[in-house]
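> Predicted model, plus sequence, below.
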2 protein chains.
Amino acid sequence: MTAKRIDGKAAGLALREQVAVAAAEFQARTGRAPGLATVLVGEDPASSVYVRSKGKATAEAGMESFAHHLPADTSEEALLDLVVLLNNDDRVDGILVQLPLPPHMDSSRVIAAIDPAKDVDGFHPVNAGRLATGLDALVPCTPLGCLHLLKNELGSLSGKDAVVIGRSNIVGKPMAMLLIGESATVTVAHSRTRDLPDVVRRADIVVAAVGRPEMIRGDWIKPGAVVIDVGINRVAAADEGKTRLVGDVAFGEAAEVASAITPVPGGVGPMTIAMLLRNTLVAAHRRAGLADPEGL
Amino acid sequence: MTAKRIDGKAAGLALREQVAVAAAEFQARTGRAPGLATVLVGEDPASSVYVRSKGKATAEAGMESFAHHLPADTSEEALLDLVVLLNNDDRVDGILVQLPLPPHMDSSRVIAAIDPAKDVDGFHPVNAGRLATGLDALVPCTPLGCLHLLKNELGSLSGKDAVVIGRSNIVGKPMAMLLIGESATVTVAHSRTRDLPDVVRRADIVVAAVGRPEMIRGDWIKPGAVVIDVGINRVAAADEGKTRLVGDVAFGEAAEVASAITPVPGGVGPMTIAMLLRNTLVAAHRRAGLADPEGL
């Protein structure tokens, strides 16, 4: 391995400390802590773990956490009623509805019901549009975390060739918009891309968000590139019956070629949750009519 | 010249005829014609010409045209009042505020005041966000016209390498989103791109929207590529004191290499106005709770 291993855990912790300091300042100025409401519907084990760790991180940053847990058979109408309640609750700066929702619910409709000013996941079309048109937006946490790591490594991204693999609404497309905003030359590749290895080989910056274990091989990486691996895939481990987490990039191979690369786990994952806290803090400031906290 | 000359004038006329048929059907079903309101502030000669020709095209398509002309010293508040009036006027399906506005006005604020359902220019952040997230949107007319020409030429764009040169909110970024939606592999290049000729040389599809006369040279074009030239630049002509219009692409050179190319004038320009009528028709259908008109 020659590449620097980008420590997302350390970067995430540093960011969370900054958020905690700014949250305390916010409380001193306004008389209340920023608040994040989480909404979990049903008993999906992974979702339960995510929501619990988000709540814990919120409290650790000195912010208020409001956890709502609804049974799996809740009607969409009842969920929408809760969203309206949270929209109107002044203590709540951020609303996070944990996805996926049960199949009888329409996620788009639920997301569209969230007040865009409290949409700390950045999934509301108004926030997607504000990002796309260069206005102040709440930006999805994962691409925002990726951008943070990239700027830590590279400083300016202006003129760099970046390839985003994947075109989802929650990672690929907002990531492309962020990179265009930083004046990178941005290519969005995906399952229909004809010669993906060749497209990736051009790139100074590779952001992989496809959800296919170790699909991106070492010989696709341009020497010296910075590789950000968004994938979190559970695969069978060498020990029978056990599993392990791998990214979308074949880490060992790519680390021989890249200049820097995020591991899985410990790369992008910890940044996502730190950015959720950051977005909640920013939403609190904007809702209170205060300038955005500096350096976040 | 070996390339096919893409006839945007003919394609635009064909589209306008389709719109006229569908507008008559709309009127038969609902008892009223679709309506487009234009708002011109001040006396800019180019803007006056644009607005007049939009009004004329609207009437020719059998739709109602409501032309509003305000003096250059109108206050932003008065303009916003007019927008609210048009938002609430049931005869008005589309609202077009001609840009640029006088310098004492904030275009973003004015655009944000337009009902997104009537935003036939597709500039409202809600429409940008709906486009970015794959929902039904009103899409800016120029990139929509470019996409129409590309699909006329190529049929499916899936897997094609496309380069969009320019990253504006009204052409470059929505164009990229449309091409991603068509499953092309899309690169957004711009003034900070390091080796622009090399980036363009990869592309099966080139959309040029930079506003620099004949910047894109023939030897940047991959043999057989389809070239869409959005630029309309006025330059000095050979005859002293005269001017002529040229695109962002050196047409003569590029036509030797490309398989098809839009001329300037007569390429993208006529499609833009046809798409404005199309968007007005679509907005009318959606507002009336009808399915989108077929094939448009």
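Ah, there it is.
> Three-state assignment for the residue lying closest to residue A:237 once chain neighbours are set aside, please.
In space, and not counting its chain neighbours, residue A:237 is closest to residue A:244: 4.3 Å by Cβ to Cβ, 6 or more residues apart in numbering or on different chains. For glycine as for every other residue, the C-beta is placed from the backbone atoms N, C-alpha and C. Put simply, residue A:244 is strand when judged by DSSP: H, G, I helix; E, B strand; the rest coil.
> Report the separation between residue A:50 and residue A:42.
13 Å (Cβ to Cβ, to the nearest Å).
> What strand or helix carries the closest residue to chain B within the stretch 51-200 of chain A?
Chain B sits closest to residue A:129 of the stretch 51-200 of chain A, with a gap of 2.7 Å, by Cβ to the nearest Cβ. Taking DSSP states H and E as the criterion, residue A:129 maps to helix A:125-132.
> can you pull the contacts of residue A:167?
A:173, A:188, A:190, B:180 (Cβ atoms under 8 Å, 6 or more residues apart in numbering or on different chains).
> so, in contact with chain A or not, the helix or strand where the last one lies?
This points to residue B:180. In the assignment (DSSP H and E), residue B:180 maps to helix B:172-181. Yes: using Cβ under 8 Å from any Cβ of the partner chain, helix B:172-181 comes into contact with chain A via B:173-174, B:176-177, B:180.
> coming back round to it: correct me, but the residue of the stretch 51-200 of chain A closest to chain B touches residue B:126?
Yes: under the criterion of Cβ atoms under 8 Å, residue A:129 makes contact with residue B:126 at 5.6 Å.
> Show me which residues of the stretch 1-150 of chain A are close to chain B?
By the rule Cβ under 8 Å from any Cβ, the part of the stretch 1-150 of chain A lying against chain B is A:108, A:123-135.
> Which of those are buried, as a ChimeraX select command?
To isolate the buried subset of the residues of the stretch 1-150 of chain A next to chain B in ChimeraX, counting by 16 or more other Cβ atoms under 10 Å in any protein chain shown, use the following:
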select /A:123,124,125,126,127,128,129,130,131,132,133,134
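> Mind telling me what element residue A:266 is part of?
Following DSSP H and E, one finds residue A:266 outside all helices and strands.
> got the contact list for it?
Counting by Cβ under 8 Å, 6+ apart, residue A:266 has contacts A:7-9.
> could you give the mean pLDDT of whatever helix or strand residue A:281 lives in?
Element membership of residue A:281 [criterion: DSSP H and E] is helix A:268-287. If you average the pLDDT over helix A:268-287, you get 98.
> circling back: CA-only coordinates of the helix holding residue A:129 in PDB, if you can.
This file holds the C-alpha atoms of helix A:125-132, laid out as PDB (Å, rounded to 0.1, in the frame of the first residue of the first chain):
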ATOM      1  CA  PRO A 125     -36.700  18.900  -4.200                       C
ATOM      2  CA  VAL A 126     -36.400  22.500  -3.100                       C
ATOM      3  CA  ASN A 127     -33.000  21.800  -1.600                       C
ATOM      4  CA  ALA A 128     -31.900  19.800  -4.700                       C
ATOM      5  CA  GLY A 129     -33.000  22.800  -6.800                       C
ATOM      6  CA  ARG A 130     -31.200  25.300  -4.500                       C
ATOM      7  CA  LEU A 131     -28.100  23.200  -4.800                       C
ATOM      8  CA  ALA A 132     -28.400  22.900  -8.500                       C
END
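> quick check: angle from it to helix A:268-287?
In terms of direction (axes from the mean of the first three to the mean of the last three Cα atoms, to 10 degrees), helix A:125-132 departs from helix A:268-287 by 100 degrees.
> who does helix A:125-132 touch, helix- and strand-wise?
helix A:172-181, helix B:125-132, helix B:172-181 (3 or more Cβ pairs under 8 Å, 6 or more residues apart in numbering or on different chains; DSSP states H and E).
> Which positions within the helix or strand following it qualify as buried?
Next helix or strand after helix A:125-132 toward the C-terminus (DSSP H and E): helix A:141-154. Within helix A:141-154, the residues that count as buried by 16+ other Cβ under 10 Å are A:141-150, A:153-154.
> what's the helix holding residue A:281 packed up against?
helix A:8-30, strand A:35-41, helix A:45-60, strand A:94-97, helix A:141-154.
> Nearest to residue B:65 among the contacts of residue A:266?
residue A:8 (56.3 Å; Cβ to Cβ).
> and that closest one, how far is that from chain B?
Separation of residue A:8 from chain B (Cβ to the nearest Cβ, to the nearest Å) stands at 26 Å.
> Hmm, residue A:273 and that residue touching each other?
No: Residue A:8 is not in contact with residue A:273 according to Cβ under 8 Å; the separation is 10.4 Å.
> Name the residue in those two with the higher neighbour count.
residue A:8 (27 against 21; other Cβ atoms under 10 Å in any protein chain shown).
> Name the nearest residue to that one, sequence neighbours excluded.
Using Cβ to Cβ, 6+ apart and skipping residues adjacent in sequence, the residue nearest residue A:8 is residue A:267, 4.2 Å away.
> ok, the one you found to residue A:7 distance?
Distance, residue A:267 to residue A:7, by Cβ to Cβ: 8 Å.
> Neighbour count: those two, which is higher?
A count of neighbours by other Cβ under 10 Å puts residue A:267 above the other of residue A:267 and residue A:7, at 29 against 17.
> since we're on residue A:284, how many residues are nearby?
When neighbours are counted by other Cβ under 10 Å, residue A:284 registers 27.
> Phi, psi for residue A:67 please.
Main-chain torsions, residue A:67, degrees, to the nearest 10: phi -100, psi 120.
> For residue A:247, see how far away residue A:213 is.
Residue A:213 is 8 Å from residue A:247, by Cβ to Cβ.
> Which residue of the two possesses the greater neighbour count?
In this comparison of residue A:213 against residue A:247, neighbours counted by other Cβ under 10 Å, the higher total goes to residue A:247 at 31 against 17.
> Surely the more buried one and residue A:269 touch.
No: taking contacts as Cβ under 8 Å, residue A:247 lies outside contact range of residue A:269: 9.9 Å.
> what's the overlap in contacts for those two?
Listed as contacting both residue A:247 and residue A:269 by Cβ under 8 Å, 6+ apart are residue A:232.
> And the pLDDT at residue A:1?
As predicted, residue A:1 sits at a pLDDT of 67.
> Then residue A:118?
Looking at residue A:118, its pLDDT reads 98.
> Among the residues of the stretch 1-150 of chain A next to chain B, which pair sits farthest apart?
Counting by Cβ to Cβ, the most remote pair of those is A:108 and A:134, 24.1 Å apart.
> mean confidence score for the helix or strand where residue A:85 lies?
For residue A:85, the host element (DSSP H and E) is helix A:76-87. For helix A:76-87, the mean per-residue pLDDT is 98.
> Please find the angle between the direction vectors of it and strand A:35-41.
Per the same axes, to 10 degrees, the angle that helix A:76-87 makes with strand A:35-41 is 170 degrees.
> So what touches helix A:76-87?
Residues from elsewhere that reach helix A:76-87 (Cβ under 8 Å, 6+ apart): A:37, A:39, A:41, A:66, A:68, A:70, A:92, A:95, A:97, A:101, A:104-106, A:109-110, A:113-115, A:118.
> Just the buried residues of those residues.
Using 16+ other Cβ under 10 Å as the burial test, these include A:37, A:39, A:41, A:66, A:68, A:92, A:95, A:97, A:101, A:105, A:110, A:113-115, A:118 as buried.
> hmm, back to that, residue B:27 versus the residue nearest to residue A:237, what's the distance?
For residue A:244 relative to residue B:27 (Cβ to Cβ), the value is 64 Å.
> which one of those two has more residues nearby?
Using other Cβ under 10 Å, the more surrounded residue of residue A:244 and residue B:27 is residue B:27, with 16 against 13.
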